[in-house]
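Trainee: starting from these lines, generate the structure:
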Amino acid sequence: MLLAMLLPPQKDLGLERPRIRISVQLLFLVVLSAYVIAMALIGGAVLARYMLPVVPLVIVVGASTLWRRLRVWTMAVAVVALAFVAAWFWNPPYGFSPEDNLAYRDYVVLHEKAERFLEARYPMSRVLTAWPASDELTRPWLGYVTRPMQVVRIEDFSLDEALSAADFRSNFDVALVFSTKYEPAHPLLDRWKKWEELKTRFFGFHRDLPPAALAHVLGGRIVFSEGRKGQWVAVIELQRGEMQNAEMKMLR
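Mentor: Down below sits the predicted model:
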């Protein structure tokens, strides 16, 4: 749309194709700005879905601009549509919310497999996990398990949380651990420390320990593990006895 603005308007029968009235475009801008400011003040609305009510206004202006400025505007719209579909399957080289494309399907498939394994093998066990898996295990109507399981919840799978959980390992028997965010193989801004500091300060950024490290900290062994395109899930069975206690002392 911005590139098309550099071109003169197309003419039909000697007349320029009309634009959306400036007053209407300004009204669109006011609505968009008010919505963004409101979401910023409310806080927490950092996901793309929160912008859906005003996205149609942007699409209307964009389509109108392409129609007015490009002779082959239908081809441009087709390219945009193809790029939109391609983005369903392509994960960008930076962190993003899995629900923005079909990465969310990968999340669902991974958790479905792990939680069915968990329910079949450890139906009466107390499970250490984090949200949203804590809801998936306690609310059968979500479709992951057939009956509620006992859950001990932690915030995430960072080193601090894992060490805190290890201190109270008598409260759970098995752990369902997973990537709480998309982790690209080659992050675009991974080496920019300031960017990581900003994410940590304003968005609660943290790094999840990998399954093997979590198993070591919790004093258990991995009995189920699977990954898909930057996401992973694992089930860790806790080890009891003197050997495990000795390992934890060495870790401390």
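Trainee: please identify which helix or strand holds the nearest residue to Val223 once chain neighbours are set aside.
Mentor: Here the nearest residue to Val223 in space, its sequence neighbours aside, is Glu237; by C-beta to C-beta, 6 or more residues apart in numbering that works out to 4.8 Å. From N, CA and C alone the C-beta is placed, and that goes for glycine too. In this structure, Glu237 sits in strand 231-238 according to DSSP states H and E.
Trainee: repeat for Ile222
Mentor: For Ile222, the element it lies in under DSSP H and E is strand 220-228.
Trainee: give me the residues contacting that strand.
Mentor: Under the contact criterion C-beta atoms under 8 Å, 6 or more residues apart in numbering, strand 220-228 has outside partners 106, 109-110, 113-114, 117-118, 121, 174-175, 211-212, 215, 232-239.
Trainee: quick one: contacts of the strand holding Glu237?
Mentor: For strand 231-238, contacts defined as C-beta under 8 Å, 6+ apart pick out 98, 103, 106-107, 110-111, 113-114, 117-118, 122, 169, 172-179, 182-183, 210-211, 214-215, 218-227, 244.
Trainee: among these, which are in strands?
Mentor: Judged by DSSP state E, the subset of these located in strands is 174-178, 220-227.
Trainee: in ChimeraX, how would I select just the buried ones from these?
Mentor: The following ChimeraX selection, which keeps only the buried ones among these, applies the criterion 16 or more other C-beta atoms under 10 Å:
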select :174,175,176,177,178,220,224,225
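Trainee: make TSV out of the ones in strands among the contacts of strand 231-238 and add pLDDT and distance to Ala48.
Mentor: Supplementary listing: the ones in strands among the contacts of strand 231-238 in TSV, determined by pLDDT from 0 to 100; distance: C-beta to C-beta, whole Å:
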residue	pLDDT	distance to Ala48
Val174	96	34
Ala175	96	31
Leu176	97	27
Val177	97	27
Phe178	96	22
Gly220	94	36
Arg221	95	38
Ile222	96	33
Val223	96	36
Phe224	97	31
Ser225	95	30
Glu226	95	27
Gly227	93	24
